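Participant: attaching a predicted model along with its sequence, questions to come.
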Amino acid sequence: MAGCGLSLSVQAENLSPIHLNAEMTRRAQDALLLGLAHVGTQWVAVGEHGVILVSEDEGRHWRQVASPTSVLLTAVSFADSMHGWAVGHEGVVIATHDGGQTWVLQHAAEGSDTHKGSPLLAVHALNDQVVEAVGAYGYVLRSNDGGVTWSSLDSAVVNPDQLHLNTMTVSAADANSWFIAGEKGQIFHSADAGLTWTKMSSPTDASIFGISEPYPGALFIYGLGGQMFRSADEGLSWTSIATGTTQGLNDLQGNRHRLVAVGNGGTVLVSDDGGQSFEHMTLPDRAALDAVQLDAQGNALAAGAEGIHHITLEAKP
């Protein structure tokens, strides 16, 4: 009987979504996609059931590649054109060393892990060795050796209530200046590439879903209820930005000439004045949008419910 118990235990682990390869399906392009990265000439999107999609033609065509997990993947980050990491539920971290063509499972929160079952929600790859991810219940995970080993950095973030850490970004002016934001308006800053963190004053007590600095001197936070704030001094002071929506905002990307933000209910915000003001539009299908990037033509690709959305924007005057 003891031998039978061991067999069942091993079988149960192998049947866990953590260790099950994602199903290869023709409908992968219609999956819920939460993470989107644009590196070199390649695009990578990740989402539900471990789906990973790759495009080599500016997002016009996508193909599914094999994934070593079938949990929901929430975010993806590339250090360079070859080395990338994606994170997701169950504390899963997967990695690629060939530009997204193949992936391996590097970490999962299982067994005796104190974060067993907790999702990771954001990830940043500083280079091909240093990677940090954050998530629910104050989860902070870091590798200094390209993902060979991972260590908890929860204690580095003063978060006694273990509030969710929803998002992270890096200063456009200083690669060692990192930001985390999350539940109840919390914002944290690191001046040493994610090793130590200090809590910053926040202009809101509403949950922040995204933080990004698309160009130097333009740090944005955005989230619940369509709130958006902009800082010109790396988060020391903030200015409220009118968005024209109460839908939650999930991502903002672009450059000093054009910024695009996306959110729930098919919300798309466009700024051609560096983020001083935004024009609001709503996609006809009102699909929730979770991540966005500008393409080479100045239009937008967004990932969300029902896959990739191509958003044609008016030409700038």
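Facilitator: Good, I have the coordinates. Numbering: from 1, shown residues only.
Participant: Pro214 and Arg258 touch, don't they?
Facilitator: No: counting by C-beta atoms under 8 Å, Pro214 stays clear of Arg258, with 9.4 Å between them. In short, each C-beta sits where N, CA and C put it, glycine included.
Participant: any idea how far the nearest residue to Val268 once chain neighbours are set aside is from Leu34?
Facilitator: Among residues not flanking Val268 along the chain, Met281 sits closest, at 4.9 Å (C-beta to C-beta, 6 or more residues apart in numbering). Note on Met281: its distance to Leu34, by C-beta to C-beta, to the nearest Å, is 22 Å.
Participant: in terms of packing, which of the two has more residues around it?
Facilitator: Taking other C-beta atoms under 10 Å, Met281 and Leu34 do not tie; Leu34 has more neighbours (25 against 15).
Participant: could you point out which element follows the helix or strand hosting the more buried one?
Facilitator: Using DSSP states H and E, Leu34 sits within strand 33-39. As assigned by DSSP H and E, the chain's next helix or strand after strand 33-39 is strand 42-47.
Participant: what's in contact with that following strand?
Facilitator: Strand 42-47 is contacted from outside by 31-37, 52-56, 58-59, 62, 72-76, 78, 81, 84, 86, 88, 99-100, 291, 293, 301, 303, 308, using C-beta atoms under 8 Å, 6 or more residues apart in numbering.
Participant: need the buried ones from those residues selected in PyMOL.
Facilitator: Provided next is the PyMOL selection string for whichever of those are buried by 16 or more other C-beta atoms under 10 Å:
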select buried, resi 31+32+33+34+35+36+37+52+53+54+55+59+62+72+73+74+75+76+78+84+86+88+99+100+291+293+301+303+308
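Participant: and the strands in the stretch 201-317 of the chain, which stretches?
Facilitator: 208-215, 218-223, 228-231, 239-240, 249-254, 259-263, 267-271, 279-282, 289-294, 300-304, 307-311 (DSSP state E, counting those that start in this stretch).
Participant: how about the ones you listed in TSV, adding distance to Ala175 and mean pLDDT?
Facilitator: Shown next, in TSV, are the strands of the stretch 201-317 of the chain (distance: least, C-beta to C-beta, whole Å; pLDDT from 0 to 100):
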stretch	distance to Ala175	mean pLDDT
strand 208-215	11	98
strand 218-223	15	98
strand 228-231	18	98
strand 239-240	25	98
strand 249-254	18	98
strand 259-263	21	98
strand 267-271	25	98
strand 279-282	32	95
strand 289-294	20	97
strand 300-304	25	97
strand 307-311	29	95
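Participant: among these, which is the most enclosed?
Facilitator: Among the strands of the stretch 201-317 of the chain, judged by mean count of other C-beta atoms under 10 Å, the one packed with the most neighbours on average is strand 259-263 (a mean of 28).
Participant: give me the distance between the residue nearest the centre of the chain and Thr149.
Facilitator: For the chain, Ala75 is the residue whose C-alpha lies nearest the centre (C-alpha atoms, centre = their mean; 3.4 Å). Plainly put, Ala75 is 21 Å away from Thr149 if you go by C-beta to C-beta.
Participant: and for Arg286?
Facilitator: Per C-beta to C-beta, Arg286 is found 44 Å from Thr149.
Participant: over to Phe229?
Facilitator: 37 Å.
Participant: just Trp238 next, same as before
Facilitator: Counting by C-beta to C-beta, the gap from Trp238 to Thr149 is 37 Å.
Participant: name the residue in those two with the higher neighbour count.
Facilitator: Taking neighbours as other C-beta under 10 Å, Trp238 and Thr149 compare with Trp238 leading, 21 against 11.
Participant: tell me the confidence at the more buried one?
Facilitator: Listed pLDDT for Trp238 reads 98.
Participant: try Glu58
Facilitator: 87.
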